[in-house]
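Chemist: Take a look and give me a structure for this.
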Amino acid sequence: MNIQLIRIDDRLIHGQVVVGWAKALDIQRLVVVNDEITKNNMRRTLMEMAVPAELKVNFFEIQEAALASKDESKERSLLLFSSPGDVLAYAKAGGIAVSINVGGMHFCDGKTQMSKTICVDSGDLAAFKELKKMGIELETRAIPGDMRQILEKTIPEI
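Modeler: All right, here's what the predicted structure looks like:
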């Protein structure tokens with residue numbers, strides 16, 4: 001897979017991804033990596049409806065995505081994860097990851113707001129720490145035009 005961006009965004013496919021990131025990076029394929037969604041036809045169908053015809057979309061379980069990341073396809077791909085824990089599982093399974101873009105992680109019970117777009121719990125922090133120990137860069141930007149910032153500036157405890 002010709003991975004152009006790996007993004008954590010709990011909304012997965014939405015306007016910022018399709019209009020912002022996909023266009024800016026000339027993406028040909030969106031890859032949603034989520035064990036639960038691969039089994040949920042309704043959620044997959046709803047997400048597919050948000051994708052323009054010129055973009056391909058795949059839904060992979062974490063283990064499948066790790067294997068597919070080594071595929072030598074030339075298609076420019078954007079991998080979408082809903083949580084840091086899923087990215088960590090992907091990386092531990094041998095998935096290719098050099099840099100992770102942290103986008104939207106929204107507030108819910110048990111999470112602490114770290115910035116306008118990033119809320120974390122202890123599991124998220126532990127996953128980020130482990131990804132960092134693996135040598136994977138963690139950066140944050142909501143849209144491509146935003147200034148790239150290392151995640152440690154937003155979350156110093158990682």
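
Chemist: how about the helices in the chain?
Modeler: 15, 22-24, 35-38, 41-49, 62-68, 84-92, 122-133, 151-154 (DSSP state H).

Chemist: Not counting the second one itself, show me its contacts.
Modeler: Taking contacts as Cβ atoms under 8 Å, 6 or more residues apart in numbering, the residues outside helix 22-24 that touch it are 30, 55, 78, 144-145. C-beta here means a position set from N, CA and C on the backbone, and glycine is covered the same way.

Chemist: now the longest one
Modeler: For helix 122-133, the surrounding residues in contact (Cβ under 8 Å, 6+ apart) are 83-85, 87-88, 91, 97, 100, 105, 111, 120, 138, 151-152, 155, 157-158.

Chemist: again, 7 Å this time
Modeler: Here helix 122-133 makes contact (Cβ atoms under 7 Å, 6 or more residues apart in numbering) with 83-85, 87-88, 91, 100, 105, 138, 151, 155, 157-158.

Chemist: The residues you listed: which two are farthest apart?
Modeler: 91 and 157 (20.1 Å; Cβ to Cβ).

Chemist: So which of the two has more stuff around it?
Modeler: Taking neighbours as other Cβ atoms under 10 Å, residue 91 and residue 157 compare with residue 91 leading, 22 against 9.

Chemist: contacting residues for that one?
Modeler: 97, 131, 134, 136.

Chemist: what do you get for residue 143?
Modeler: Contacts of residue 143 (Cβ under 7 Å, 6+ apart): 16, 20.

Chemist: Check what pLDDT it gets.
Modeler: Looking at residue 143, its pLDDT reads 92.

Chemist: now swap in residue 158 and tell me
Modeler: 87.

Chemist: and it, how many neighbours?
Modeler: Neighbour count for residue 158, taken as other Cβ under 10 Å: 20.

Chemist: sorry, back to before: mind putting the contacts of helix 122-133 in JSON lines, distance to residue 50 included?
Modeler: Output for these, formatted as JSON lines (distance: Cβ to Cβ, whole Å):
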{"residue": "83", "distance to residue 50": "20"}
{"residue": "84", "distance to residue 50": "23"}
{"residue": "85", "distance to residue 50": "24"}
{"residue": "87", "distance to residue 50": "22"}
{"residue": "88", "distance to residue 50": "26"}
{"residue": "91", "distance to residue 50": "27"}
{"residue": "100", "distance to residue 50": "22"}
{"residue": "105", "distance to residue 50": "20"}
{"residue": "138", "distance to residue 50": "26"}
{"residue": "151", "distance to residue 50": "27"}
{"residue": "155", "distance to residue 50": "29"}
{"residue": "157", "distance to residue 50": "34"}
{"residue": "158", "distance to residue 50": "31"}
